[in-house]
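**Student:** Fold the following, please.
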Amino acid sequence: MKKDSKDEKLPEDQLENVQGGFGSLPEEKVKIRCLYQECSWHFIGSGLKGGFAQSQHTKDTGHDQFTYTYI
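**Tutor:** Predicted coordinates:
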């Protein structure tokens with residue numbers, strides 16, 4: 001037996017049902033492309049990492065117009 005977040009003892013099969021998190025959800029893939037002329041920046045990967053990559057590209061270049069395609 002393990003304890004849940006309220007320090008109550010639960011059998012392991014029940015504990016898995018109450019822990020939450022994103023471990024079992026499939027990651028959504030996205031393609032992000034910068035729309036600025038002559039910029040070839042793009043990202044293909046998980047949506048979460050894409051958001052970070054897009055933010056970094058905007059921070060580095062000032063580019064703030066993108067297209068998104070979910071794949």
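**Student:** So, low pLDDT: which residues of the chain?
**Tutor:** 1-26 (pLDDT under 70).
**Student:** so where do the helices sit in it?
**Tutor:** With DSSP state H as the criterion, the chain has helices at 12-18, 47-61.
**Student:** got the buried residues for the longest one?
**Tutor:** Burial within helix 47-61, assessed by neighbour count using 16 or more other C-beta atoms under 10 Å, is assigned to 50, 53-54, 57. C-beta coordinates here come from the backbone N, C-alpha and C atoms, glycine included.
**Student:** Specify which member of the residues you listed is nearest to residue 63.
**Tutor:** Nearest to residue 63 among the buried residues of helix 47-61, counting by C-beta to C-beta, is residue 57 at 6.1 Å.
**Student:** List the contacts of the residue nearest to the closest one when sequence neighbours are not counted.
**Tutor:** Closest residue in space to residue 57, ignoring its immediate chain neighbours: residue 41 at 5.4 Å, by C-beta to C-beta, 6 or more residues apart in numbering. Residue 41 makes contact with 33-34, 57, 61, 63, according to C-beta atoms under 8 Å, 6 or more residues apart in numbering.
**Student:** Show me which pair in the residues you listed is furthest apart.
**Tutor:** Farthest pair in those, by C-beta to C-beta: 33 and 61, 13.6 Å.
**Student:** Would you quantify the distance from residue 47 to residue 53?
**Tutor:** 11 Å (C-beta to C-beta, to the nearest Å).
**Student:** Then residue 46?
**Tutor:** For residue 46, the distance to residue 53 - C-beta to C-beta - is 10 Å.
**Student:** now swap in residue 27 and tell me
**Tutor:** Residue 27 is 14 Å from residue 53, by C-beta to C-beta.
**Student:** Check residue 34 too.
**Tutor:** Look at residue 34 and residue 53: by C-beta to C-beta, they are 11 Å apart.
**Student:** Then residue 35?
**Tutor:** Distance from residue 35 to residue 53, by C-beta to C-beta: 15 Å.
**Student:** try residue 60
**Tutor:** 11 Å.
**Student:** Fine by me, we can end here.
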